[in-house]
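Undergrad: I would like to see how this sequence folds:
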Amino acid sequence: MPKVAKRIQARTGDRNAVLPVEDAIKLVKANATSKFDETVEIAVNLGVDPRHADQNVRGVVNLPSGTGRDVRVAVIAKDAKAAEATAAGADIVGAEDLVERIQGGFLDFDRVIATPDMMALVGRLGKVLGPRGLMPNPRVGTVTPNVSQAVKDAKGGAIEFRVEKAGIVHAGVGKASFTDDALLANVRALVDALNKAKPSGAKGTYIKRISLSSTMGPGVKVELTSFSA
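TA: Below is the predicted model:
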């Protein structure tokens, strides 16, 4: 067991202890012992039932320290907007041709952005992109006339989040190689975004539990008071 993990567990006296977020980050990093740079992930249990429209939680957040991964961005646009997307660094740009490629099984991208005038075409992709969480949506800024900014945001650390059926939000918040402060900034940014996205139908305790883990490491429970103002 890494020394950092031993020190933290010795201090708490409990492997299942609920730790301040700063200690939780240290322990997650200490447990990330694989040969590759593991992703640090957060799981947030929310007091919502996403089967009800007024309790759905979805949004986008800019992680101040970035994601630590190369995000491949596809943009569905034409003419001047297509050129704007290319200039901003989009990896794949197209209109009808790109829609046809995606319908044919092409999925070599992590984010899809579309201009509003292309949504009639994009609508054909619901069965392909929807289940993968890639369908462009104006609520999270992926349907926009400002494709240049959307591409830059996606490349720079913007991530989407959405609540799953069990009321849990999962998201990657960086890499184990990040500094403690960089991960802390990202975690705080996401939790803040979730609080701001609290739906009108949420009753009682909204954020119930938070845990952090690395790709191959165990989960570490986080004290909710760590995020108090």
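Undergrad: can you map out the strands along this protein?
TA: 18-19, 39-46, 58-62, 73-76, 92-94, 111-114, 158-162, 168-175, 207-214, 220-222 (DSSP state E).
Undergrad: Centre of the chain to the fourth one, how far?
TA: Mean-position distance between strand 73-76 and its chain equals 18 Å (C-alpha atoms, centre = their mean, to the nearest Å).
Undergrad: For residue 61, give me its contacts.
TA: 158, 159, 161, 189, 190, 192, 193 (C-beta atoms under 8 Å, 6 or more residues apart in numbering). In short, each C-beta sits where N, CA and C put it, glycine included.
Undergrad: which of the residues you listed tops the neighbour count?
TA: Compared across the contacts of residue 61, residue 159 has the highest neighbour count, 24 neighbours, by other C-beta atoms under 10 Å.
Undergrad: picking that back up, out of the strands of the chain, which one sits most buried?
TA: Mean neighbour count (mean count of other C-beta atoms under 10 Å) peaks for strand 73-76 among the strands of the chain, with a mean of 28.
Undergrad: Just list what that one packs against, helices and strands only.
TA: With contacts taken as 3 or more C-beta pairs under 8 Å, 6 or more residues apart in numbering; DSSP states H and E, strand 73-76 sits against helix 79-88, strand 92-94, helix 96-103, strand 111-114, helix 147-156.
Undergrad: Cool, thanks, signing off.
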